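> Okay, here's the prediction I keep looking at, along with the sequence it came from:
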Amino acid sequence: MPKVLISDSMSPKAAEIFRSRGVEVDEITGQTPDELKAIIGNYDGLAIRSSTKVTKELLAAATNLKVIGRAGIGVDNIDVPAASAKGVIVMNTPFGNSITTAEHAIAMIFALARQLPEADASTQAGKWEKNRFMGVELTAKTLGLIGAGNIGSIVADRARGLRMKVVAYDPFLTAERAIEMGVEKVDLDTLLARADFITLHTPLTDATRGILSRDALAKTKKGVRIVNCARGGLIDEVALKEALDSGQVAGAALDVFAQEPAKDNPLFGTPNLVCTPHLGASTDEAQVNVAIQVAEQLSDFLCDGGITNALNVPSMSAEEAPRLKPYMALAEKLGSLVGQLEGSDITSLSVEVEGAAAELNQKPITAAVLAGLMRSYSDTVNMVNAPYLAKERGLDVREVRHEREGDYHTLVRVTATGPERRREVAGSLFGDAAPRLVEIAGTRIETDLDGDMIYIVNEDTPGFIGRLGMTLGAAGVNIGNFHLGRRLADKNRGGDAVLMLSVDAPVDGAVLDQVCALEGVKKVKALRF
Ligand SMILES: NC(=O)C1=CN([C@@H]2O[C@H](COP(=O)(O)OP(=O)(O)OC[C@H]3O[C@@H](n4cnc5c(N)ncnc54)[C@H](O)[C@@H]3O)[C@@H](O)[C@H]2O)C=CC1
Ligand SMILES: O=C(O)C(=O)COP(=O)(O)O
């Protein structure tokens, strides 16, 4: 039974779903990094929010971990490259809390416009300072949206409902999408110069870190109000404090901070500052949404192999997974065969799918070929880290899809090219389920790739099979299955033949040398699947 750890506070719905899907679940929150490191090795899955930091060190201790599910959107608390390198899938729930977070941003805009927190504190202190709290109207003001993705576009929609004009800076926003959203696409400097309110909705990346830098703040319209419900690192906090003190920025509302939990932030105590403790996603509705989604996604993967909303591996729905599963087994065996025959001496790889296979999502098939290929020289590779490791090694990977059927109703062909040689193998599924090799070294052959095998290329001359049988028999090697084919180019007469033998146990090097010494043998290789 797969085992999942929930290490951040999460709606009880998550644990309910895990249990109903047959996944064992522990909920242990508030642990130190060392405490978490001590137990993480027991789990196949980890469900988190933003508090748990999934570092390289934690991943090193996560010896059984296969999947991390982020019940929320931002994954900047997860070392995704390290997870990928380790073959751990990272998933998030990209839509479950977006409305809630957008509403928090709108609430922050109102809080700034009418100084609600300060007015509340003053009123409850019995001061009745009616003249102190003069606000600004939102109607006809310009809202500058930095980041126009899921949350940004909801904020834009709500702001337009409030009759604000919305200008957006997002390098990935197309002109068509901007029109659809009813926003004006502008560059960052134009946004800074024109916005009465600025709201941030980008992920924290190297490109967005410090996007509201000292320089950027200096370019804003005097009296601008700034809202950040995205990530703390997007604003230079020291520069923001100075801008608030000087009046360049009339108010700032922050839900997120460079250092969290934020207990001692340089901004605290500054007038016209509204702060919330990373509450953007904290509504009953959003927390139920993300808990259900993360538990279903992790269960789908751990129980059925379905992959949804993964950031480091191609997605594969729980419905697709059963159809893809035998193809992935075939792909992995073909990759393994090529890897065992050619070693790491491969510079480019092409994965072709033909017939029924061409109707499927090809990415997982390619990832499985890569995993099989690299497993012949790395123990820790799987279909998550294989594409990543292939890229790191500079392996050029090509995917080709042929919709027409060839001789087989479904076919996966793998061609690996190295500096000296080209290796092509193809496989099909018998009965849509059983992986079979159907072509190797230009030779039609039909065999399972299973257990211990010997691959032999020899000159096709009379008496060879007898001599081979004698040699193996004398060495006590029992042949389970024997598959023989002749090169397609030499179909009718002598030339090269290919033999694939299944044997009951691994064959030692001395026996392989004897086979190699037989007359006419050109290549011998022990294989294991
Ligand atoms: N305060 C909270 O509790 C919550 C915070 N968030 C934060 O909000 C962020 C945004 O979430 P979504 O809208 O769902 O993400 P999204 O991926 O749908 O949208 C992000 C947008 O940022 C844009 N972008 C990327 N690089 C940019 C750059 N250099 N300059 C300008 N725009 C850039 C992208 O093109 C994309 O349109 C998340 O990454 C997360 O950090 C999300 C949920 C809750
Ligand atoms: O979804 C996100 O990106 C958030 O920032 C929400 O964080 P949380 O799950 O509330 O700790």
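Yep, that arrived. Residues are numbered from 1 along each chain as shown. Ligands and ions are numbered 1, 2, ... in the order given.
> how about the nearest residue to T55, chain neighbours excluded?
D79 (5.6 Å; Cβ to Cβ, 6 or more residues apart in numbering). To be clear about C-beta, it is placed using only N, CA and C from the backbone, and glycine gets the same treatment.
> got it, and T270?
Nearest non-adjacent residue to T270 (Cβ to Cβ, 6+ apart): L244, at 4.9 Å.
> Just the element for that neighbour, please.
helix 237-246 (DSSP states H and E).
> buried set for that helix?
237, 239-244 (16 or more other Cβ atoms under 10 Å).
> Run through the residues of the stretch 1-150 of the chain sitting next to ligand 1.
Those residues of the stretch 1-150 of the chain that sit near ligand 1, judged by Cβ under 6 Å from any ligand atom, are 72-74, 94, 97-98, 101, 146-150.
> Quick one: name the residues of the stretch 251-400 of the chain near ligand 2.
For the stretch 251-400 of the chain, the contact set with ligand 2 under Cβ under 6 Å from any ligand atom comprises 278, 280-282.
> now with 5 Å?
A281 (Cβ under 5 Å from any ligand atom).
> how about the strands of the stretch 251-400 of the chain, start to end?
273-275, 348-355, 396-402 (DSSP state E, counting those that start in this stretch).
> Would you format those strands as CSV with mean neighbour count and mean pLDDT included?
Converted to CSV, those look like this (neighbours: other Cβ atoms under 10 Å; pLDDT from 0 to 100):
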stretch, mean neighbour count, mean pLDDT
strand 273-275, 19, 98
strand 348-355, 20, 96
strand 396-402, 13, 96
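> Format those as TSV; extra columns: distance to A517.
Output for the strands of the stretch 251-400 of the chain, formatted as TSV (distance: least, Cβ to Cβ, whole Å):
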stretch	distance to A517
strand 273-275	80
strand 348-355	33
strand 396-402	38
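> Tell me which of the ones you listed sits nearest to L437.
Evaluated over the strands of the stretch 251-400 of the chain, closeness to L437 peaks at strand 348-355, with 15.1 Å, by Cβ to Cβ.
> what residues does this structure put near ligand 2?
Residues of the chain lying near ligand 2 (Cβ under 5 Å from any ligand atom): 49-50, 72-74, 281.
> top helix in this structure by residue count?
helix 320-342 (DSSP state H).
> Minimum distance to ligand 1, which residue of this structure gives it?
Of all residues in the chain, G149 sits closest to ligand 1, at 1.8 Å by Cβ to the nearest ligand atom.
> I'd say that residue and L200 touch.
No - G149 lies out of contact with L200 (Cβ atoms under 8 Å); the separation is 11.5 Å.
> Endpoints of stretch 340-358, how far apart?
Using Cα to Cα, to the nearest Å, one end of stretch 340-358 lies 26 Å from the other.
> Surely the residue nearest to T270 is in contact with L254?
No - using Cβ under 8 Å as the test, L244 is too far from L254 to be in contact (10.9 Å).
> can you list the weak-confidence ranges in this protein?
By pLDDT under 70, the low-scoring segments of the chain are 379, 488-494.
> Domain-wise, how is this protein divided?
If you go by automatic domain parsing, the domain ranges for the chain are 3-95+285-304, 98-275, 314-440, 451-529.
> hmm, back to that, what about the residue nearest to T55? Give its phi and psi, please.
phi -80, psi 90 (degrees, to the nearest 10).
> before we move on, what about P33?
For P33, the backbone dihedrals (degrees, to the nearest 10) come out as phi -50, psi -40.
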